[in-house]
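Asker: whatever this is, show me its structure:
(chains A, B, C and D)
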2 protein chains.
Amino acid sequence: MARDARTREARRDALAESALTTLGTLGYARTSLREIAANSEFSHGVVHYYFRDKTELITYCVRYYKARCVHRYDAVVDDSRTADGLLAAFADKLVETLVDEAPMHRLWYDLRTTSMFEEALRADVVAIDASLQDMVWRVVSRYAELAGRELVVSPGVAYAMLDGVFERALLRHLAGEAGALDELRGAVLGALPLLLHAG
Amino acid sequence: MARDARTREARRDALAESALTTLGTLGYARTSLREIAANSEFSHGVVHYYFRDKTELITYCVRYYKARCVHRYDAVVDDSRTADGLLAAFADKLVETLVDEAPMHRLWYDLRTTSMFEEALRADVVAIDASLQDMVWRVVSRYAELAGRELVVSPGVAYAMLDGVFERALLRHLAGEAGALDELRGAVLGALPLLLHAG
DNA sequence: CCAGAGTCTTGACACTCGTCAAGACTTCGG
DNA sequence: CCGAAGTCTTGACGAGTGTCAAGACTCTGG
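Answerer: Prediction:
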């Protein structure tokens, strides 16, 4: 009989979970449906039972991924009581997530870059990028508020700069460069104050 | 008879040229040797006459690409006589190259991201990244010199921040967002002064 | 308990890929 | 002008891909 819609959604999520694991390991281009299925408890044919095609699965994954990462630093914002405390906590959290979720982060950069070539991904990537920008802006603007000073950059520029620093750290970390994590922490501690108005 | 070694090198360069065009259009993952050959005056089999395998061709392309882009802003550095003049010229040049060579830039980001998954690319990517960092540092340090002030960021951080801003602008430009170019120019004009010591 | 709807597996399809071998074409020294 | 060395094309191969259809399995309502 018709299975509960909730169960069906659970199956889709389970496949998305396996897909994200595979994508984080192999990257977007080298991930096949058979490999995703092999990393799950199902066979390769079942994918087309729950998803129309590969694109729909990937898109579903991307949204699934987004939902669980855009509030990663909210606790830092809520719990910090001083500008310096927020800054230190944010830097530490960035380092932590870079290490703990390196595959997911490189997957995100992979998807974002791929969207420069494949229009099918573009809309979702742009939406996630905006969410990440908001996430960063919550941190940065709270930081300015605690410091009692104005910000001299727009949300987009603040996000772009921090993202550039993070992407570089991820690349170096994955390349096995030992100093990458400390450089990330130091870069954030040094860079965020620059975004505040001198007065 | 044995063809001139110079001619052989010219063939390799011609293939690299076609490969770069194709890579810039389709991206690393979707570029096949047949497609590269189709964009050249040769047939698909000739690739293995001049290159051992696909990896060697790609690697050759990457080095070929690097050689012609890492001195892109040297004229800006050499010709500018004031800090503000250098800043404006640099911002304009960034916008210009983003527009004129968008496919090459997205290819670079594609290769860099792919190197997070494929170790074969990593060494070359790290080398190019270092060259780009040097290129940016030549601009930034000359800017500080002309301004008569010290820089408060390391070469790595300066590069990462500018690169983040540029990558974001490229993404938005390719997505058809009209304001991307002006935002890039404005971001650079606003951000570089922040890297100078206040005193 | 059993018929049937729902779920999942298996195997096949058409296609593309990198690679390579066989041979045709080109060029040039003798 | 001929033969050989160099250059290039053609066609094939095995592997891997997304997709889908046919059937086996599972579970539940009557």
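
Asker: isn't A:Val140 right next to A:Leu196, touching?
Answerer: No - A:Val140 lies out of contact with A:Leu196 (Cβ atoms under 8 Å); the separation is 9.3 Å. The way it works is simple: take the backbone N, C-alpha and C, and place the C-beta from them, glycine included.

Asker: what does the helix or strand hosting A:Thr25 rub up against?
Answerer: Using DSSP states H and E, A:Thr25 sits in helix A:5-26. Identification of contacts with helix A:5-26 by Cβ atoms under 8 Å, 6 or more residues apart in numbering or on different chains yields A:31, A:35-37, A:39-42, A:46-47, A:50-51, A:57-58, A:60-61, A:64-65, A:103-104, A:106-107, A:110, B:117.

Asker: make it 7 Å
Answerer: A:31, A:35-36, A:39-40, A:47, A:50, A:57, A:60-61, A:64-65, A:103-104, A:106-107, B:117 (Cβ atoms under 7 Å, 6 or more residues apart in numbering or on different chains).

Asker: now, which of these lie close to DNA strand C?
Answerer: The residues of these that also fall near DNA strand C, by Cβ under 7 Å from any atom of the strand, are A:Tyr50.

Asker: among the contacts of helix A:5-26, which lie within helices?
Answerer: Taking DSSP state H, the ones among the contacts of helix A:5-26 that sit in helices are A:35-36, A:47, A:50, A:57, A:60-61, A:64-65, A:103-104, A:106-107.

Asker: just the closest of the residues you listed to DNA strand C, please.
Answerer: DNA strand C has its nearest neighbour among those in A:Tyr50, at 7.0 Å by Cβ to the nearest atom of the strand.

Asker: now that closest one: closest residue in space that isn't a chain neighbour?
Answerer: A:Arg12 (5.2 Å; Cβ to Cβ, 6 or more residues apart in numbering or on different chains).

Asker: kindly report the same for A:Tyr60.
Answerer: A:Ala16 is the one closest to A:Tyr60 (Cβ to Cβ, 6+ apart), at 5.6 Å.

Asker: what separation do you get for the one you found and A:Thr7?
Answerer: Going from A:Ala16 to A:Thr7 by Cβ to Cβ, to the nearest Å gives 15 Å.

Asker: the two: who's more crowded?
Answerer: Counted by other Cβ atoms under 10 Å in any protein chain shown, A:Ala16 and A:Thr7 do not tie: A:Ala16 has more neighbours, with 23 against 10.

Asker: and the more buried one, how close does it get to A:Arg6?
Answerer: The value you get for A:Ala16 to A:Arg6, if Cβ to Cβ is used, is 15 Å.

Asker: do the same with A:Leu94
Answerer: Distance, A:Leu94 to A:Arg6, using Cβ to Cβ: 36 Å.

Asker: if we can go back for a sec, roughly how far apart are the residue nearest to A:Tyr60 and DNA strand D?
Answerer: 15 Å (Cβ to the nearest atom of the strand, to the nearest Å).

Asker: for A:Met116, same thing?
Answerer: To DNA strand D, A:Met116 is 20 Å away according to Cβ to the nearest atom of the strand.

Asker: residue of chain A nearest chain B, please.
Answerer: Nearest residue of chain A to chain B (Cβ to the nearest Cβ) works out as A:Gly164 at 2.0 Å.

Asker: doesn't that residue fall inside a helix?
Answerer: Yes - counting by DSSP: H, G, I helix; E, B strand; the rest coil, A:Gly164 is found in a helix.

Asker: what residues are up against the closest residue to it other than its chain neighbours?
Answerer: Spatial nearest neighbour of A:Gly164, chain neighbours left out: B:Gly164 (2.0 Å); criterion: Cβ to Cβ, 6+ apart. Residues in contact with B:Gly164 (Cβ under 7 Å, 6+ apart) are A:Ala160, A:Met161, A:Asp163, A:Gly164, A:Val165, A:Glu167.

Asker: need those residues in TSV (columns: pLDDT).
Answerer: Below are the contacts of B:Gly164 laid out as TSV (pLDDT from 0 to 100):
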residue	pLDDT
A:Ala160	98
A:Met161	98
A:Asp163	98
A:Gly164	98
A:Val165	98
A:Glu167	98
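
Asker: dump these to TSV, plus distance to DNA strand D.
Answerer: Listed next are those as TSV, based on distance: Cβ to the nearest atom of the strand, whole Å:
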residue	distance to DNA strand D
A:Ala160	32
A:Met161	36
A:Asp163	29
A:Gly164	31
A:Val165	33
A:Glu167	26
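
Asker: and which of these is nearest to B:Glu145?
Answerer: A:Met161 (22.7 Å; Cβ to Cβ).

Asker: which helices and strands does the biggest helix by length in chain A pack with?
Answerer: Counting residues, the longest helix in chain A under DSSP H turns out to be helix A:119-147. Counting contacts by 3 or more Cβ pairs under 7 Å, 6 or more residues apart in numbering or on different chains; DSSP states H and E, helix A:119-147 packs against helix A:54-67, helix A:74-79, helix A:83-100, helix A:102-114, helix A:155-174.
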